[in-house]
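Undergrad: Following is a predicted model, sequence given first.
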Amino acid sequence: MTDFSKYAQPGVLALNPYQPGKPIEELERELGIRNIIKLASNENPLGPSPRALAAMRGELEDVWLYPDGSGHQLKEKLAAKHAVTMDQITLGNGSSEVLEFAVRVLVGPGDEVLYSAHSFALYPILTLAAGGTPVEAPAKDWGVDLEALLAKITAKTRVIFIANPNNPTGTWVDGEPLHRFIQQVPADILVVIDEAYFDYAIEPTTGAGDYPDTSLWLTEFPNLMVARTFSKSYGLAGLRVGYSLCSPVLADLMNRVRPPFNVNSIALAAAEAALADEGHLRESVAVNADGLQQLQAGFAAMGLAYIPSAGNFISVDVGQPGAPLYQALLQEGVIVRPVANYGMPNHLRVTVGTEAQNQRFLDALAKVLSK
Ligand SMILES: *Cc1c(COP(=O)(O)O)cnc(C)c1O
């Protein structure tokens, strides 16, 4: 049998596969227990908008037809929402895919992609898969250190990724320093602001007072790309739909590497309908703000430090290796996320659930910590 690893690209051999949160069904199979809660993948505990569900059902009969490969109607709505032109929008099978398009357009062997320590795991994966070199800048207080990023820029840097807020730390960068940072980045380097948790972070009660909407800076910075997703606040993670906003020139290049029909017809319909349901979005954000408070109070009561978060998740310092606690929580039917592979061995990341789910997690955590 051919050993294809002999022929694999060097960057691919250097990769570790992305580790997703454990699916509920898998834990059910392994432990034979029921009533499991998953707070491991930053999904919206309220699920999608009823309007999105209705739109999906309405689309079912037509699944034998290819979707609109340009996503015209969704792009029209997004263009209006963000006051951009349609040729600035790229739709992706999740926002992960638009991040991939940007890397495939700009990065090849010898090129560097820069991001902060404790950043989203996808950035090095995309970079290595493209044959590029991932470069990690040190973080400050778990968050992005903009000065450290600037110091790592070289003539080979092609792309800089900043997740704002960042996953898994929940930390965010304020508007004023971020704006100054982009001003200082050479104009031929793409700055990608990954705003997967935008709707949570822009909510003032979450605590992120000067959190910026960088989509407003696109005219000023032609080397800026903003990525958003329907996976988190819109509760549509399973459908895989996200988008980027950038200059028409870059969007045209990204469109050339985009596989045809990359966003399916059900996802297109659901995303459009979800955009129209502001009430559901507001409720999702409010439930999250309450849940963050509840979890923070619970951690404080247990004497545990946590990283203040502007997302729909929070990383708590359990004061000991998180992996065994993660396993112990699984036995209690609670799935969270160990983050040792993000350089955070003593933290666990928990997604904000409903009030009842948060309480169940806090009780389970107290129980496994007391053992
Ligand atoms: C969840 C997440 C995404 C979005 O993933 P999708 O592919 O849109 O589901 C992007 N960036 C970060 C930092 C995330 O946490």
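TA: Looks like it came in fine.
Undergrad: Could you pull out the helices in the stretch 251-371 of the chain for me?
TA: Applying DSSP state H, counting those that start in this stretch to the stretch 251-371 of the chain gives helices spanning 265-276, 278-301, 322-331, 355-369.
Undergrad: how many neighbours does whichever residue of the chain sits closest to the ligand have?
TA: The minimum distance from the chain to the ligand, using Cβ to the nearest ligand atom, falls at Gly94 (2.5 Å). Quick note: C-beta positions are derived from backbone N, CA and C, even for glycine. Burial of Gly94 is recorded as 24 neighbouring residues (other Cβ atoms under 10 Å).
Undergrad: Now Pro23. Nearest residue, chain neighbours left out?
TA: Sequence neighbours aside, Lys38 is the residue nearest to Pro23 in space, at 7.5 Å (criterion: Cβ to Cβ, 6 or more residues apart in numbering).
Undergrad: Could I get the pLDDT score of the one you found?
TA: If you check Lys38, the pLDDT there is 96.
Undergrad: now do the one 10 residues further on
TA: According to the prediction, Pro48 has pLDDT 98.
Undergrad: what about the nearest residue to it once chain neighbours are set aside, which helix or strand?
TA: Using Cβ to Cβ, 6+ apart and skipping residues adjacent in sequence, the residue nearest Pro48 is Gly235, 4.2 Å away. Of the helices and strands defined by DSSP states H and E, none includes Gly235.
Undergrad: Gly235: neighbour count?
TA: Neighbours of Gly235 (other Cβ under 10 Å): 23.
Undergrad: give the contact list for it.
TA: Residues in contact with Gly235, defined by Cβ atoms under 8 Å, 6 or more residues apart in numbering, are 43-44, 46-49, 52, 274, 280, 284.
Undergrad: same thing with Met302?
TA: If a contact means Cβ under 8 Å, 6+ apart, then Met302 has 362, 365-366, 369 as its contacts.
Undergrad: Any chance of the residues you listed in CSV with pLDDT, neighbour count and distance to Leu218 as columns?
TA: As requested, the contacts of Met302 are exported to CSV (pLDDT from 0 to 100; neighbours: other Cβ atoms under 10 Å; distance: Cβ to Cβ, whole Å):
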residue, pLDDT, neighbour count, distance to Leu218
Leu362, 98, 19, 41
Leu365, 98, 25, 42
Ala366, 98, 13, 46
Leu369, 96, 15, 46
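Undergrad: want to try CSV for those residues, with distance to the ligand as columns?
TA: Formatted as CSV, the contacts of Met302 follow (distance: Cβ to the nearest ligand atom, whole Å):
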residue, distance to the ligand
Leu362, 23
Leu365, 22
Ala366, 27
Leu369, 27
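Undergrad: Out of the residues you listed, which is nearest to Asn166?
TA: The closest of these to Asn166 turns out to be Leu365 (Cβ to Cβ; 22.8 Å).
Undergrad: ok, the closest one to Tyr306 distance?
TA: Going from Leu365 to Tyr306 by Cβ to Cβ, to the nearest Å gives 12 Å.
Undergrad: filter the contacts of Gly235 to the buried ones?
TA: Neighbour counting over the contacts of Gly235 (16 or more other Cβ atoms under 10 Å) leaves 43-44, 46, 48-49, 52, 274, 280, 284 as the buried ones.
Undergrad: So which of the residues you listed reach the ligand?
TA: When Cβ under 6 Å from any ligand atom is applied, no member of the buried ones among the contacts of Gly235 is adjacent to the ligand.
Undergrad: Tell me how many other residues crowd Ala80.
TA: Using other Cβ under 10 Å, the number of residues around Ala80 comes to 11.
Undergrad: sorry, that was for Ala148
TA: 16.
Undergrad: That one against Val135, yeah?
TA: No - in this structure Ala148 lies outside contact range of Val135 using Cβ atoms under 8 Å: 11.0 Å.
Undergrad: re the thing from before, so what's the backbone phi/psi at the residue nearest to Pro23?
TA: For Lys38, the backbone dihedrals (degrees, to the nearest 10) come out as phi -110, psi 110.
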